[in-house]
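Engineer: Generate coordinates for the sequence data below:
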Amino acid sequence: MRSTFAGLNTMVRGINSNRLSLDTVGHNITNASTSGYSRQSVNLSATASQEIYSIYGSQQVGTGVDSLSILRACNVYADKQYWKENGTNSYYTTRQTNYDKVEAIYNDSDNNGIQNALEDFYKSWSELSTTASTSSKRTSVVENGQVFTDRLQTAATQMQSQIKANYDELSTEVDKVNNITDQIVALNKNIASIEATGSNANDLRDSRDNLVDSLSTYMNVNVYTESNGMYTIVSNGATMVGGISKLNLKLSTGTANDTYGVTDYDIQLAETGTSFDAGSGSLKAEQDAIAEDKGYIDKMANMAAFMMTTFNAQHKAGVGIDS
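Structural biologist: Predicted structure coming up:
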């Protein structure tokens, strides 16, 4: 025979479960504009039925509802795909920024670039070829040659400054990565502690995923969820976060590069001193941009070398105004 208070217990379970559902709905509404927030829902389930006996035989009578857990709407496969593509997007966005700066250095649209100076220099030689004894034409050759040289030197100096700026940005981003992984480790600890009692640390998981979103803009990330709820984050073979442990990044000691007139740095794992390859993201983009910027300096050096050797040799083979 059922207890006298069985019906009251069923009612109380329903009130508590629905109140929890309403609280969760309110939490969803108030966080509608929160970045990275995942909608939550209460996982309800009917409680075990109670067997009673009557003149018609044994019967199963329901005892109400219970809230098993609060779940967040997320898709781990979609998250992993986003983190992969986010790194790729960040890589090309950073490269575009560097290209914009390079275009400004080699800008010929206002007739003040290297190409314009070289064209004026060639033009002055063409005019001199028909009036070799005219003083003004000879002066024009010298002046245009000086302008071309100055612009070549200015562009080279600007490219060196651009490389130094890339290294400064690289240093800043390395510090940001270390700060992000520090926070992920702290959240790993809190999440594991809370969920060890059977609770769901949904809001903390959202915060952690937000941090992984940010981390994926700097490097390639592969995220694995451990049985205790902690994240293990691997980037190009290096375990940046492993539960409550982590690796830190640093820039190597500067090495003077006299060829390009800059000081070079490498990204290393602070714990081992080995080189670190970010794989994608802005860290990789900055390194690739530096290498490409050096290539532009090489092209200007080749141009200058041609003028100082082949061009000068041809010039010396000529005859001066004094025969």
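Engineer: what's the burial count for Phe148?
Structural biologist: The number of residues packed near Phe148 is 22, by other CB atoms under 10 Å. Quick note: C-beta positions are derived from backbone N, CA and C, even for glycine.
Engineer: Assess the claim that it and Glu119 are in contact.
Structural biologist: No. With contact defined as CB atoms under 8 Å, Phe148 does not count as touching Glu119 (9.4 Å).
Engineer: Spatially nearest residue to Ser282, not counting backbone neighbours?
Structural biologist: Thr94 (4.4 Å; CB to CB, 6 or more residues apart in numbering).
Engineer: Name the residues that touch the helix or strand harbouring Ser126?
Structural biologist: Ser126 is located in helix 114-130, with elements delineated by DSSP states H and E. Residues outside helix 114-130 that contact it (CB atoms under 8 Å, 6 or more residues apart in numbering) are 106, 108, 134, 137-138, 140-141, 143-145, 147-148, 151-152, 155, 300.
Engineer: Run the chain-centre distance for that helix.
Structural biologist: Distance, stretch centre to chain centre, for helix 114-130: 46 Å (CA atoms, centre = their mean, to the nearest Å).
Engineer: Kindly report the same for stretch 186-201.
Structural biologist: Worked out by CA atoms, centre = their mean, stretch 186-201 lies 28 Å from the chain centre.
Engineer: Which positions in that stretch come out as buried?
Structural biologist: By neighbour count on 16 or more other CB atoms under 10 Å, the buried set for stretch 186-201 is Leu187, Asn188, Ile191, Ala192, Ile194, Glu195, Asn200, Ala201.
Engineer: With stretch 24-38 instead?
Structural biologist: Going by 16+ other CB under 10 Å, stretch 24-38 has these buried residues: Thr24, Asn28, Asn31, Tyr37, Ser38.
Engineer: What number of neighbouring residues does Thr149 come out with?
Structural biologist: Neighbour tally, Thr149, other CB under 10 Å: 14.
Engineer: does it count as helix, strand or coil?
Structural biologist: helix (DSSP: H, G, I helix; E, B strand; the rest coil).
Engineer: Look up how far Gly113 lies from it.
Structural biologist: Look at Thr149 and Gly113: by CB to CB, to the nearest Å, they are 14 Å apart.
Engineer: and what of Thr154?
Structural biologist: For Thr154, the distance to Gly113 equals 10 Å [CB to CB].
Engineer: Comparing the two, which shows the higher neighbour count?
Structural biologist: Taking other CB under 10 Å, Thr154 and Gly113 do not tie; Gly113 has more neighbours (17 against 14).
Engineer: what sits against that one?
Structural biologist: If you count contacts by CB under 8 Å, 6+ apart, then Gly113 has Tyr106, Asn107, Arg151 around it.
Engineer: hmm, try it at 10 Å
Structural biologist: Neighbour list for Gly113: Ile105, Tyr106, Asn107, Glu119, Arg151, Thr154, Ala155 [criterion: CB atoms under 10 Å, 6 or more residues apart in numbering].
Engineer: farthest pair in those residues?
Structural biologist: By the measure CB to CB, Ile105 and Glu119 form the most distant pair in the contacts of Gly113, at 17.9 Å.
Engineer: okay, the two: which has more neighbours?
Structural biologist: For Ile105 versus Glu119, neighbours defined as other CB under 10 Å are more numerous around Ile105 (18 against 15).
Engineer: Spell out the residue ranges of the helices in the chain.
Structural biologist: Here the chain has its helices, by DSSP state H, at 6-30, 76-105, 114-130, 135-195, 202-215, 281-306, 312-316.
Engineer: So which of those helices is nearest Gly229?
Structural biologist: helix 135-195 (4.7 Å).
Engineer: Alright, calling it a day.
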